[in-house]
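*Asks:* Got a predicted structure here, sequence first:
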Amino acid sequence: MVDAARRVSLHMSAFIALLVDFDLSGEWAFDNAPSCAHWVAERADTELCTVREWLRIGHALTVVDEVDRRFAVAGCRTAGRRRR
C-alpha cells in the first residue's frame, strides 16, 4: 500500500506541474473557458475548487523552486537542501 501511495503522489506531482504549464500557456482560453481551472474541471469531471487548489499548490511550488534555485546560484543552502 505504501508503494501505491508513493506512485500516486509521484503522478500527482507530475500532473500538477503539467497543469501549471498549461495554465501559463493560456491554451485553455482558445476554448473560451473563463479560466484554466474551469477548463480542466469540466474535462476532468472534477470540482472547480479542487482544480483551483491544484493550481494554487502548483504555482506556489514554482515559487519555492525558484527561491531554491537562486540560493543554489548564490552558493547558499536552505535547510531543506542540507537534509537531502
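*Replies:* Arrived safely, thanks for sending. Since the structure is predicted, the reported quantities are computational estimates derived from the model, not experimental observations.
*Asks:* From now on I want contacts and neighbour counts done on CA atoms only, so please keep to that.
*Replies:* Noted.
*Asks:* which residues in this structure form helices?
*Replies:* Under the criterion DSSP state H, the chain contains helices at 2-25, 36-44, 48-73, 79-83.
*Asks:* and the shortest one, average pLDDT?
*Replies:* When the per-residue pLDDT values of helix 79-83 are averaged, the result is 52.
*Asks:* from the helices of the chain, which stretch is densest packed?
*Replies:* helix 36-44 (a mean of 17; mean count of other C-alpha atoms under 10 Å).
*Asks:* so how far is that helix off the chain centroid?
*Replies:* When C-alpha coordinates are averaged (C-alpha atoms, centre = their mean, to the nearest Å), helix 36-44 and its chain have centres 15 Å apart.
*Asks:* Residues contacting it, please?
*Replies:* 22-23, 26, 28-29, 33, 46-48, 51-52, 55 (C-alpha atoms under 8 Å, 6 or more residues apart in numbering).
*Asks:* gap between the residue nearest the centre of the chain and residue 10?
*Replies:* Nearest residue to the geometric centre of the chain (C-alpha atoms, centre = their mean): residue 58, 2.4 Å. Residue 58 sits 14 Å away from residue 10, going by C-alpha to C-alpha, to the nearest Å.
*Asks:* related to what we said a few turns ago, mean pLDDT lowest for which of the helices of the chain?
*Replies:* helix 79-83 (a mean of 52).
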